[in-house]
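Trainee: the sequence and its predicted three-dimensional model are supplied below.
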Amino acid sequence: MTARIGESMICCGLMSGTSRDGIDVAFVEITGRFPDNKIRLIHGETLPYPGRLRGMLMTGYQALSAVDVATLDFWIGRCFGLAVLQALRRAGLRRKDIDLIGSHGQTLLHLPEGMKQGREIVRSTLQVGNGAVIAQITGITTVSDFRSADIAVGGEGAPLVPIYDYVVLRSPSRSRVALNIGGIANLTAIPRGAPLKAIFSFDTGPGNCLIDTAVGVFTGGKETYDKNGVRAARGAVNTRAFEMILSDPYFARKPPKSTDPEKFAGSAPMAFVIEAMLREALADPRDERMRSKLRAADRKRLSNHLANSVTRTATEAVAESITRAIEKFVMPTMRPDEIIVTGGGSKNRFLMDCLRQSIMRSLPRAVVETGEAFGINSDAKEACAFAYLAYLCLKGIPANVISQNAGLKGAVLGAIYRAPKWRAT
Ligand SMILES: Nc1ncnc2c1ncn2[C@@H]1O[C@H](COP(=O)(O)OP(=O)(O)O)[C@@H](O)[C@H]1O
Ligand SMILES: [Mg+2]
């Protein structure tokens, strides 16, 4: 490692979330001492996954064999490594400028509740994107596999970003909620002036995964997300489906808790919603009688209308689930002044509007704004957090604060893959 540790380091963070939409790369400069570090974003960008690879990831984990998993581990490691090299070129940086990489990898499985094996319950999580491959391609020491150590001490393995949220967003005068809407939505509550041991964090439930599924299914795969929330804005809410989504027992469970999209987007609740709405549409007598007479253009309009309504329902349910999580699990401890929204969901204008409206119900004066209003790049935030988590790993600082705050052991997060010799000079 270089002599810069402890003074100033340039770290690279790599992230691909549950949306599997691409690889977020961020280069950050970290100065100062924990927990008073200053973290400055130098460059951030998102690089797409190769189409074939994304296709394999989107098949769902149940369909993956051990061969697939091993292949994905090394293939994604390679993509991540190459993404760093590309981003370096665009940022005008050289390999030797970078001290360390922190790579979250791609989650294939996250099972903190565990699987029953006879009388035992085995809890697990699996992120692929092999760290050795990244270190070899880039020549930069790489930290990966951040979640395992927290699962091993009995934690949820997620969210891991809270320590970063605390360092970057804590305020002596404002109580804040850092809300990241990725495939899954999670929040960190940071009471004003609070020490690290007073923050708490959990996954509120589905974020974009529900919306992406709705759009994907009802456009026959032609679209993958609701750009700027345009479809939702044109649709109508199906109240029954809305209630059905929100009746999922996950929402009532007390934090700490974490989840993954397979639970919401791939399985029961969303399938029910889709089915219910389809049935409703087909049961409309006008549709039945008119169906045979419909011209192609009319038919297209009808399916567009359905796509918009499912999307609207999914979007409102996501916003409502976040608001309820804040009301139920945050407000008894802290009254938020500011809700700082990051992740792809912050770009969905309609979702942001829904969120503002539902938050107003119990927090009429709260500010609900995207990260940019607070000097944070909404796209790069999680990648920045993993750059910082790599730094904490190297420093030997236990970063699983949420578990520690719940009375579990501290754990240094991440496995270190050393760079080839030439980096050590
Ligand atoms: N302009 C946009 N309008 C609406 N939704 C968007 C927009 N840009 C991104 N998104 C949503 O954000 C998702 C990606 O968010 P991201 O924070 O990268 O999630 P993850 O961490 O799960 O990868 C996309 O799948 C999409 O649903
Ligand atoms: Mg993403």
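Mentor: Received the coordinates, thanks. Ligands and ions are numbered 1, 2, ... in the order given.

Trainee: okay, CA-based contacts and neighbour counts for the rest of this
Mentor: OK.

Trainee: could you dump the host helix or strand of residue 244 to PDB, C-alpha only?
Mentor: Element membership for residue 244, per DSSP states H and E: helix 239-246. Only the C-alpha atoms of helix 239-246 are listed here, as PDB (Å, rounded to 0.1, in the frame of the first residue of the first chain):
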ATOM      1  CA  THR A 239     -56.800   0.600  -5.600                       C
ATOM      2  CA  ARG A 240     -57.200  -3.100  -5.100                       C
ATOM      3  CA  ALA A 241     -53.800  -3.800  -6.600                       C
ATOM      4  CA  PHE A 242     -52.300  -0.900  -4.600                       C
ATOM      5  CA  GLU A 243     -53.600  -2.300  -1.300                       C
ATOM      6  CA  MET A 244     -52.500  -5.800  -2.300                       C
ATOM      7  CA  ILE A 245     -48.900  -4.700  -2.800                       C
ATOM      8  CA  LEU A 246     -48.900  -2.800   0.500                       C
END
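
Trainee: what's the next helix or strand after that helix packed up against?
Mentor: Where DSSP H and E defines the elements, the next helix or strand beyond helix 239-246 is helix 261-264. Applying 3 or more C-alpha pairs under 8 Å, 6 or more residues apart in numbering; DSSP states H and E, we find helix 261-264 packed against helix 208-218.

Trainee: buried stuff in the helix or strand just after the helix it packs on?
Mentor: Toward the C-terminal end, the helix or strand that comes next after helix 208-218 (DSSP H and E) is helix 230-234. Within helix 230-234, the residues that count as buried by 16 or more other C-alpha atoms under 10 Å are 230, 231, 232, 233.

Trainee: quick one: residue 229 from residue 245, how far?
Mentor: 19 Å (C-alpha to C-alpha, to the nearest Å).

Trainee: could you point out the longest strand in the chain?
Mentor: Determined from DSSP state E, the single longest strand within the chain is strand 100-117.

Trainee: buried residues in it?
Mentor: Neighbour counts using 16+ other C-alpha under 10 Å place 100-112 of strand 100-117 among the buried residues.

Trainee: again with stretch 165-177
Mentor: Buried residues in stretch 165-177, counted by 16+ other C-alpha under 10 Å: 165, 166, 167, 168, 169, 170, 174, 175, 176, 177.

Trainee: try stretch 26-33
Mentor: So for stretch 26-33, counting by 16+ other C-alpha under 10 Å, buried means 26, 27, 28, 29, 30, 31.

Trainee: worst-scoring helix or strand of this protein, pLDDT-wise?
Mentor: helix 285-291 (a mean of 52; mean pLDDT, DSSP states H and E).

Trainee: the host helix or strand of residue 309 packs against which elements?
Mentor: Taking DSSP H and E as the criterion, the element that holds residue 309 is helix 296-325. Contact here means 3+ C-alpha pairs under 8 Å, 6+ apart; on that basis helix 296-325 packs against strand 200-206, helix 208-218, helix 230-234, helix 239-246, helix 268-283, helix 349-360.

Trainee: just after that helix, pick out the following helix or strand.
Mentor: Following helix 296-325 in sequence, per DSSP H and E, is strand 338-342.

Trainee: that following strand pairs with which strands?
Mentor: Within its sheet, strand 338-342 is paired with strand 176-181 (parallel), strand 367-370 (parallel), according to DSSP bridges.

Trainee: how many neighbours does the closest residue to residue 356 other than its chain neighbours have?
Mentor: Nearest residue to residue 356, sequence neighbours excluded (C-alpha to C-alpha, 6 or more residues apart in numbering): residue 368, at 6.2 Å. Other residues within reach of residue 368, judged by other C-alpha atoms under 10 Å, total 21.

Trainee: surely residue 368 meets residue 338?
Mentor: Yes. Look at residue 368 against residue 338 with C-alpha atoms under 8 Å: they come within range, at 6.1 Å.

Trainee: so what pairs up with the closest residue to residue 37 other than its chain neighbours in the strands?
Mentor: Nearest residue to residue 37, sequence neighbours excluded (C-alpha to C-alpha, 6+ apart): residue 31, at 5.5 Å. Legend: beta-bridge partners of residue 31 under DSSP bridges are residue 8, residue 38.

Trainee: ligand 1 contacts on the protein?
Mentor: Within the chain, the positions near ligand 1 by C-alpha under 6 Å from any ligand atom are 16-21, 182-183, 208, 212, 225-229, 343-345, 347-348.

Trainee: which residues of this protein score low on pLDDT?
Mentor: Of all residues in the chain, those with pLDDT under 70 make up the ranges 1-6, 264-302, 421-425.

Trainee: next, format the buried residues of helix 230-234 as a markdown table and append distance to residue 196.
Mentor: Formatted as a markdown table, these follow (distance: C-alpha to C-alpha, whole Å):
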| residue | distance to residue 196 |
| --- | --- |
| 230 | 39 |
| 231 | 41 |
| 232 | 38 |
| 233 | 39 |
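
Trainee: residue 381 reaches residue 342, doesn't it?
Mentor: Yes. Here residue 381 reaches residue 342: they are 7.2 Å apart, a contact under C-alpha under 8 Å.

Trainee: re the thing from before, which of the buried residues of stretch 165-177 sits closest to ligand 2?
Mentor: Within the set of the buried residues of stretch 165-177, residue 165 lies nearest ligand 2; the separation is 18.2 Å, counting by C-alpha to the ion.

Trainee: skipping its backbone neighbours, what lies nearest the residue of the stretch 101-250 of the chain found nearest ligand 2 in space?
Mentor: The minimum distance from the stretch 101-250 of the chain to ligand 2, using C-alpha to the ion, falls at residue 182 (6.7 Å). Leaving aside its sequence neighbours, residue 182 sits nearest to residue 343 (C-alpha to C-alpha, 6+ apart; 5.2 Å).

Trainee: residue 30 too?
Mentor: Distances taken as C-alpha to C-alpha, 6+ apart put residue 39 closest to residue 30, at 4.7 Å, once the chain neighbours are dropped.

Trainee: so who does the one you found touch?
Mentor: Residue 39 sits next to 28, 29, 30, 31, 168 when contact means C-alpha atoms under 8 Å, 6 or more residues apart in numbering.

Trainee: report the central residue of the chain.
Mentor: The residue lying closest to the centre of the chain (C-alpha atoms, centre = their mean) is residue 182, at 3.8 Å.

Trainee: my guess is residue 41 is in a strand, correct?
Mentor: Yes. Using DSSP: H, G, I helix; E, B strand; the rest coil, the assignment for residue 41 is a strand.

Trainee: which ones among the buried residues of stretch 165-177 map onto strands?
Mentor: Short answer: those in strands (DSSP E) are 176, 177.

Trainee: how about the backbone phi and psi for the closest residue to residue 327 other than its chain neighbours?
Mentor: In space, and not counting its chain neighbours, residue 327 is closest to residue 362: 7.4 Å by C-alpha to C-alpha, 6+ apart. Backbone torsions for residue 362, taken as degrees, to the nearest 10, come to phi -110, psi -10.
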